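J.: Provide a 3D model corresponding to the input given below.
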Amino acid sequence: MVLDRDTNIHPEIWELLNEVPDPEIPAINLVELGVIRTVERTDDGTIYIVITPTYTGCPAKQLFKDLILEKLAEYGHHKVEITSRLNPAWTTDWMSDATKEKLLKIGISPPSVGDRVIVCPQCKSTDTKLLSPFGSVACQSMYSCNTCKEPFSYFKCH
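T.: Okay, here's the model as predicted:
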């Protein structure tokens, strides 16, 4: 699945959107997360943005919209319409390797294909075990490292 965004169209808007942090993981932004799908601008200046939340019932979905509107208004863009698109469903495949590396640096194990190799963000060991399928946010679960014994969050693959 390829992310359908084209950052060469309206690069000034994409640049601003790169400043909108994920409210649950502020070290990455909504563009890096893959939530922002498309940006279009009409002749009358209205900006249309399509987002796909990480989960259908994502509790941060409205906050995504509010933060986007706030950032764009800060730079004089007041005619903005944001639509949620659930199909195709968001996937961790839309996160770049650089984004996954950022997660690892802040102590969150990044998603791995099929949740097969869970890396400890502290010591980089793959000798880890699931503590709970539920983490501090819906998209994460809790793991523990058998090598360094540290608990950590894992960003679920989906």
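
J.: for residue 77, what are its contacts?
T.: Residues in contact with residue 77 (C-beta atoms under 8 Å, 6 or more residues apart in numbering) are 13, 16, 47. Every C-beta, even on glycine, is put in place using the N, C-alpha and C of the backbone.

J.: before we move on, what about residue 64?
T.: If you count contacts by C-beta under 8 Å, 6+ apart, then residue 64 has 20, 23, 30, 35, 51, 53, 58 around it.

J.: most neighbours among the residues you listed, which one?
T.: residue 35 (24 neighbours; other C-beta atoms under 10 Å).

J.: in the longest helix along the chain, which residues are buried?
T.: Ranked by number of residues, the top helix in the chain under DSSP state H is helix 61-74. For helix 61-74, a neighbour-count test (16 or more other C-beta atoms under 10 Å) marks 61, 64-65, 67-69, 71-72 as buried.

J.: and the next element down the chain from that helix?
T.: strand 80-84 (DSSP states H and E).

J.: partner strands of that following strand, with direction?
T.: strand 47-51 (parallel) (DSSP bridges).

J.: average pLDDT for the strand it pairs with?
T.: For strand 47-51, mean pLDDT is 96.

J.: okay, the angle between that strand and helix 61-74?
T.: For strand 47-51 against helix 61-74, the angle by axes from the mean of the first three to the mean of the last three C-alpha atoms, to 10 degrees is 150 degrees.

J.: how near is the residue most central in space within the chain to residue 9?
T.: Nearest to the geometric centre of the chain sits residue 33, at 2.4 Å (C-alpha atoms, centre = their mean). As judged by C-beta to C-beta, to the nearest Å, residue 33 and residue 9 stand 20 Å apart.

J.: what is the mean pLDDT for stretch 104-111?
T.: Mean predicted confidence for stretch 104-111 is 95.

J.: per-domain residue ranges of this structure.
T.: 11-92, 104-155 (automatic domain parsing).

J.: quick one: contacts for residue 109?
T.: So residue 109 contacts 103, 118-121, 128, 143, 152-155 (C-beta under 8 Å, 6+ apart).

J.: mind showing which ranges of this structure have poor pLDDT?
T.: The chain contains residues with pLDDT under 70 at 1-8.

J.: now do the strands in it.
T.: 36-41, 47-51, 80-84, 108-109, 128-132, 140-145, 151-155 (DSSP state E).

J.: deepest of those, which one?
T.: strand 108-109 (a mean of 24; mean count of other C-beta atoms under 10 Å).
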